[in-house]
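Asker: starting from these lines, generate the structure:
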Amino acid sequence: MKLNLRNTIAYFYAQFLRISGVVKKAKEKAQSGEFILSIYFHNPSKKEFEFTLNWLINNGFHFISIDDLRKIHNEEMAFPKGAALLTVDDGWASNETNMVELANKYKVPIAIFVTTEPVEEGNFWFSYSKKAGRLKLGYPSTEALKRLPNEERLSIVNKIKEKLTLAREAMTVEQVQRISMSPYVTIGAHSHTHPILNQCTDSQLKSELRICAQKLEDWVGKEVISFAYPNGDFGDREKKMLDDFDYMIGFANNPQYITRENLQDMYAVPRIGFLEGASQAENICRIMGIWHSNSIKIFKKKF
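Answerer: Numbering: from 1, shown residues only. Have a look, this model is predicted:
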């Protein structure tokens with residue numbers, strides 16, 4: 001856990017949720033088959049990911065794949081009891097060591113949604129904007145850039161790139177190819193450049209979906225049928241476009257369980273986010289889906 005005021009307060013609140021039985025109640029509902037835990041990560045440490053795997057295993061959960069989820073949706077498999085689905089966004093280089101190696105060790109299926117331009121060039125656009133913010137270069141914040149039309153955001157990010165250099169942080173093509181050979185890894189798409197899709201024009205959106213799938217399929221020699229919306233932003237247009245480009249499933253970032261009801265919409269599958277750097281107590285509450293429904297507004301503040 002990163003020691004700061006926010007994490008300290010959140011730790012004690014999470015301990016209260018555990019002691020008061022809220023975690024136990026959620027676990028009992030999952031074990032009875034009321035919902036599937038749908039958990040997503042970005043760039044966890046090896047310690048964080050292994051803790052999550054061990055906690056879920058020790059508490060009676062088993063793991064399903066995206067293919068299993070499709071079978072459940074198609075009623076080719078029964079809705080499971082005590083199931084968890086693990087997904088990963090972006091395609092960070094450290095995912096291979098910190099996550100794929102553990103997935104192989106524990107024989108746990110995971111899906112990694114890869115952004116293709118950073119794989120080719122080395123870095124994510126938001127890493128440039130965050131560094132520019134730390135250096136106080138006078139550019140809009142990352143969150144402000146996300147709210148701009150895509151062309152305007154790109155123009156600003158390109159100016160930042162001219163002034164900054166970063167060490168590689170994204171996977172290489174060779175890494176994507178290597179991890180795709182694991183029987184426990186599914187490669188999914190996460191767009192080509194990681195834009196905010198609802199800030200894109202129709203033409204830009206089509207390009208993002210088409211290029212990402214084409215490059216990934218060329219790299220790994222497998223069909224890519226799943227997609228995770230960058231930043232979790234999407235609407236009816238984006239869902240329809242996934243269908244038009246033959247994606248079969250789309251993952252959102254809204255912190256909800258997968259239930260029989262919401263699984264009917266395979267282009268808006270909910271996911272609950274793991275927070276890297278938070279305490280184990282908080283992340284237990286998060287992966288069990290009780291953090292967002294029980295936490296108070298203070299945890300949304302910046303300390």
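Asker: contacting residues around the closest residue to Leu209 other than its chain neighbours?
Answerer: The shortest distance from Leu209 to any non-neighbouring residue, by Cβ to Cβ, 6 or more residues apart in numbering, is to Phe245 (4.7 Å). All C-beta spots, glycine's among them, are computed from the backbone N, C-alpha and C. The contact partners of Phe245, taken as Cβ atoms under 8 Å, 6 or more residues apart in numbering, are Lys206, Leu209, Arg210, Ala213.
Asker: so how many other residues sit close to Leu5?
Answerer: Leu5: 9 surrounding residues under other Cβ atoms under 10 Å.
Asker: distance-wise, check it relative to Met181.
Answerer: 44 Å (Cβ to Cβ, to the nearest Å).
Asker: got the residue ranges for the strands in the stretch 1-150 of the chain?
Answerer: Ranges of strands within the stretch 1-150 of the chain are 37-41, 62-64, 83-90, 110-114, based on DSSP state E, counting those that start in this stretch.
Asker: so after the longest one, what's the next helix or strand?
Answerer: From strand 83-90 onward toward the C-terminus, using DSSP states H and E, the following helix or strand is helix 95.
Asker: which residues sit against that following helix?
Answerer: Helix 95 is contacted by residues Asn43, Val88, Ile112, Met171, Ile179 when judged by Cβ under 8 Å, 6+ apart.
Asker: next one: stretch 186-193
Answerer: By Cβ under 8 Å, 6+ apart, the residues outside stretch 186-193 that reach it are 65-67, 87, 89-91, 109-117, 125, 176, 179-180, 197, 207-209, 211-213, 215-216, 220, 222, 224-228, 230, 247, 251.
Asker: with just CA atoms, put it into PDB.
Answerer: This file holds the C-alpha atoms of stretch 186-193, laid out as PDB (Å, rounded to 0.1, in the frame of the first residue of the first chain):
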ATOM      1  CA  THR A 186      -7.000 -14.400 -24.400                       C
ATOM      2  CA  ILE A 187      -5.900 -11.400 -26.400                       C
ATOM      3  CA  GLY A 188      -8.600  -8.700 -26.900                       C
ATOM      4  CA  ALA A 189      -8.700  -5.300 -28.500                       C
ATOM      5  CA  HIS A 190      -8.500  -1.900 -26.600                       C
ATOM      6  CA  SER A 191      -8.400   0.400 -29.700                       C
ATOM      7  CA  HIS A 192      -5.300   1.500 -31.700                       C
ATOM      8  CA  THR A 193      -4.400   4.800 -30.000                       C
END
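Asker: so which bits of it are buried?
Answerer: By neighbour count with 16 or more other Cβ atoms under 10 Å, stretch 186-193 contains the buried residues Thr186, Ile187, Gly188, Ala189, His190, Ser191, His192, Thr193.
Asker: which residues touch stretch 41-60?
Answerer: 27, 31, 37, 39, 63, 82, 84, 86-90, 92, 94-95, 97-99, 101-102, 106, 108, 273-274, 276, 280, 283-284, 287.
Asker: ugh, wrong one, stretch 114-121
Answerer: Outside stretch 114-121, the residues that touch it by Cβ under 8 Å, 6+ apart are 90-91, 124, 169-173, 176, 187-194, 211-212, 215-216, 230.
Asker: name the helix or strand of this structure that has the lowest mean pLDDT.
Answerer: One helix or strand of the chain scores below all others by mean pLDDT, DSSP states H and E: helix 291-294, with a mean of 79.
Asker: so which elements touch it?
Answerer: helix 5-19, helix 280-287 (3 or more Cβ pairs under 8 Å, 6 or more residues apart in numbering; DSSP states H and E).
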